[in-house]
Structures are given as structure tokens and as C-alpha cells.
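Engineer: show me the folded form of this:
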Amino acid sequence: MSLHPRRARNRIAWGTVVWLTVVWVLLWGDLTIGNVLAGVLIGVAVTTGLRMTPIAFHGHVRPLRVVALFARFAVDLVRASFEVSLLALRPRHTPRGAVIGVQLRSHSDLYLTMTAELCSLVPGSLVVEAHRLTGMLYLHVLDVEQSGGIEAARRSVLDQEARVLRAFASDAELAAAGLEVRA
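Structural biologist: Residues are numbered from 1 along each chain as shown. This is a model prediction of the structure:
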């Protein structure tokens, strides 16, 4: 049975509503009935009132790879925070920053966004531009020398993308990106 286009547009994406409710409660930091109800109402308003472009997800979640992705992200976060704090404490050192371009292997908007967000959240680097059609990320690196050079900074972004792909991409997407298909 086919739904009328107007009705299909007004359908509620309950998975998204639940996710937005969880984020809402986490932001408030208090699990109360009022916060949960407010989160649900806001989630319903956002999913029905704002037009969102659907993002195609053809992969599958690999739980061990997801754990590895976030564990490595946590290590990178702590290491980079320490390095940036040391940089701030060196009075005579002037960091040599650079904007670098990194050509990603995947052409998926979802994986580009995930890679860009994870790279931006690590102190010392910030995505300044992302070209979705070409899969190119431009990042500002705070101190190129401390990062090991421009090529090391590029390699770091490509390694992050590989971890994202191994955690979420399908076997076909991994092969298209030139990555080995592993369990």
C-alpha cells in the first residue's frame, strides 16, 4: 500500500526522535519525566517541522570496530590536548600552522562528515572546508612541526577515515575505498 506523498512527508522518524531525546536529556544532565517529555516534543517538532535530506547508509555497524574507533579517538584526544597545552606553555615558540588538503577515499557524505567531525574534535586541527562532491577536506593544523609534518597530518586524517570506514562501511564500500575487507 502506497502512502499519499503529503502523509509520507509527515511521518515521524521515531528512531531519530529517540536519539534527539537522549541527547536532550544528556545536555540537561538530569533524567526526569519533564526532560524526557520535552525531549520527545522537541524531537517530534524537529523531525516533522524541519526538512532533512535523507542520508543513505548502505553499510553495517561492526561493534568491535566502533569500539576501536572511539578508543583511538579518546587516545588522540588526550594526546593532542597534552601537546596543545605544552605548546601554549612554551613562551618563545611560535607554532607554524598550515592549511592542508586531504583527498578522502570514500565519496559518501556520511563518512566524510564523520571523519571531519572526529578530526575537528581533536585539539590542534580544525576542518575549515569540506567539498562533498570531490571528497576533499581542508584542515588547519596548529603546529605542523609538532604534528610530524604535512604528510604525517594527512596520514592521520586518512587513518581516521579508515577507522570510520572499517566501523561502518559495507564490504563493497571498503573495497571501493581501497581498504582490505576484514571481519
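Engineer: quick one: mean pLDDT for stretch 141-149?
Structural biologist: For stretch 141-149, the per-residue pLDDT values average out at 83.
Engineer: in it, what's buried?
Structural biologist: Neighbour counts over stretch 141-149 (16 or more other Cβ atoms under 10 Å) mark Val141, Leu142, Asp143, Val144, Gln146, Ser147 as buried. All C-beta atoms are positioned from the backbone trio N, CA, C, and that covers glycine.
Engineer: inside helices: which ones of those residues?
Structural biologist: Nothing among those maps onto helices, per DSSP state H.
Engineer: now distance to Ile42 too, for these, in a markdown table please.
Structural biologist: Formatted as a markdown table, these follow (distance: Cβ to Cβ, whole Å):
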| residue | distance to Ile42 |
| --- | --- |
| Val141 | 37 |
| Leu142 | 36 |
| Asp143 | 40 |
| Val144 | 42 |
| Gln146 | 41 |
| Ser147 | 40 |
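Engineer: in three-state terms, label Ala68 for me.
Structural biologist: Recorded secondary structure, Ala68: helix (DSSP: H, G, I helix; E, B strand; the rest coil).
Engineer: assess the claim that it and Val164 are in contact.
Structural biologist: No: between Ala68 and Val164 there is no contact, the gap being 10.9 Å when judged by Cβ atoms under 8 Å.
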